[in-house]
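Novice: give me a model of this one.
(one chain, ligands or ions: 1)
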Amino acid sequence: MSQISLPPSLHKNLPLTALAPMQDVTNLWFMKVIAQYGSPDYFFTEYFRVNETSRLSHSILASITENDTGRPVFAQMIGESIPDLVRTAKELCNYNIAGVDLNMGCPAPRIYRKKAGGGLLLSPEKVDRILAELRQAVSDRPLTVKMRIGFDNTDTFYEILDLINRHNIDLLSLHGRTVKDMYHGVVKYDLIAEAVKRVDCPVLANGNIHSATHALSVLAQTGAAGVMVGRWAIGNPWLFHQIRQALRGEAITPVPLVKVRDYIERLWQTPEAPNIPERARVGYLKMFLNYIALSVDAEGQFLRLMRQTQTEVEMFKVCDRFLLTDTTKTLALAPYSGV
Ligand SMILES: Cc1cc2nc3c(=O)[nH]c(=O)nc-3n(C[C@H](O)[C@H](O)[C@H](O)COP(=O)(O)O)c2cc1C
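Specialist: Reported below is the predicted structural model:
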């Protein structure tokens, strides 16, 4: 059994919640924004790239060193070079991190072709060596793993779960899809349930958790210690709060669309905003709006019109039309299907 305790959760009688690491999204500023609507128990950084020449990225480090959300932050690494992973893990331990997390799920071909991220799932023998060395290097705080159920099938799934036990991993975040599934298709919650039974450490169930009700059903189905939410927390930053309400059996507070307009304004006002050309800034905001829009109108009009905009004025005109016209409207508790 694992000897190292995880940071305390916000509400000790409730299952854990975590914001999934998302490159180009879960930076310091986004963590701060999310915290204003109801923090998750744990944050995870975007991944630190690790190779022979890598140095800790200053901007990712800021999400640890300047984090004033009050919630613990796990530092995620991606790579396959054992000496460099060990070096980086030790460097990260000089900062106020909740633990070191290893990415074994990234589906980007440029990553998995180098046998890093999701590519590691093809080589249990390599995973065995990496985890052995990392466990030695990270002996005084949690060492955690985030992975998928396999590369293009589940042939290595149980073997890798056994390695999680052998190396006393402290927390497993499991996305119930294969690397080849990318972000689509059915999430295999039944395999997450298998993992919960097999590993000694707590498991965070991950994949398509889009609403508080769904979070409850995933927890019931998997027996997981908690849920990790990615894209649907972009679409609904109130989701962690709503999950806690649902867990306590309370009614979920509906969010008026006018508050969603405020959230979008916050997203627009990034600290780097003054240095970004308008077109790029609009493009960046659209990445967030792609998720938000799915819970705004069932016909998909907001999504379609928002995507056509090119300037700040056009973008906010569309936002105002859909979010400010009818003050009785609220954000859907789950994204509309078919949008
Ligand atoms: C834009 C984006 C960036 C991501 N970056 C990372 C990452 O840096 N590290 C990681 O482990 N997973 C990353 N993921 C995967 C998510 O953490 C999560 O496992 C996946 O999105 C499934 O959860 P969801 O359905 O709640 O979004 C990323 C996903 C997205 C959509």
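Novice: excluding chain neighbours, what is closest to whatever residue of the chain ends up closest to the ligand?
Specialist: Here the chain gets closest to the ligand at one residue, residue 230, 2.7 Å apart by CB to the nearest ligand atom. Where C-beta positions appear, they are placed from N, C-alpha and C, glycine not excepted. Ranked by CB to CB, 6 or more residues apart in numbering and with sequence neighbours excluded, the top spatial neighbour of residue 230 is residue 20, at 3.3 Å.
Novice: tally of neighbours for the residue of the chain closest to the ligand?
Specialist: 21 (other CB atoms under 10 Å).
Novice: around the ligand, pick out the residues from this structure.
Specialist: 20-23, 25, 46-47, 76, 103, 105-106, 146, 175, 183, 206-209, 229-232 (CB under 6 Å from any ligand atom).
Novice: if we use 5 Å, what do you get?
Specialist: Neighbours of the ligand within the chain, by CB under 5 Å from any ligand atom: 20-23, 46-47, 103, 146, 175, 206-208, 229-231.
Novice: what are the buried residues along stretch 88-98?
Specialist: Buried residues in stretch 88-98, counted by 16 or more other CB atoms under 10 Å: 88-89, 92-93, 97-98.
Novice: what about it, average pLDDT?
Specialist: Regarding stretch 88-98, the rounded mean pLDDT is 98.
Novice: which residues are in contact with that stretch?
Specialist: With contact meaning CB atoms under 8 Å, 6 or more residues apart in numbering, stretch 88-98 is reached by 6-7, 42, 48, 50, 54, 56, 61, 64-65, 72-75, 77, 79, 100, 134, 137-138, 140-143.
Novice: and stretch 273-281, average pLDDT?
Specialist: Mean predicted lDDT for stretch 273-281 stands at 94.
Novice: what comes up buried for it?
Specialist: Neighbour-count burial for stretch 273-281, counted by 16+ other CB under 10 Å, picks out residue 281.
Novice: contacts for that stretch?
Specialist: Contacting residues not belonging to stretch 273-281 are listed as 268, 270, 284, 310-312 [CB under 8 Å, 6+ apart].
Novice: kindly check the end-to-end length of that stretch for me.
Specialist: For stretch 273-281, the first-to-last residue distance is 7 Å (CA to CA, to the nearest Å).
Novice: over to stretch 71-84?
Specialist: One end of stretch 71-84 sits 28 Å from the other (CA to CA).
Novice: buried sites along that stretch?
Specialist: 71-82, 84.
Novice: got it, and stretch 292-306?
Specialist: For stretch 292-306, burial by neighbour count (16+ other CB under 10 Å) applies to 292-297, 302-303, 305-306.
Novice: any idea how the chain splits into domains?
Specialist: Using automatic domain parsing, the domains assigned to the chain come out as 16-247, 257-323.
Novice: how about low-confidence regions in this protein?
Specialist: For the chain, the stretches with pLDDT under 70 are 1-3.
Novice: go again using 80 as the cut-off
Specialist: Scanning the chain for pLDDT under 80 picks out 1-3, 338.
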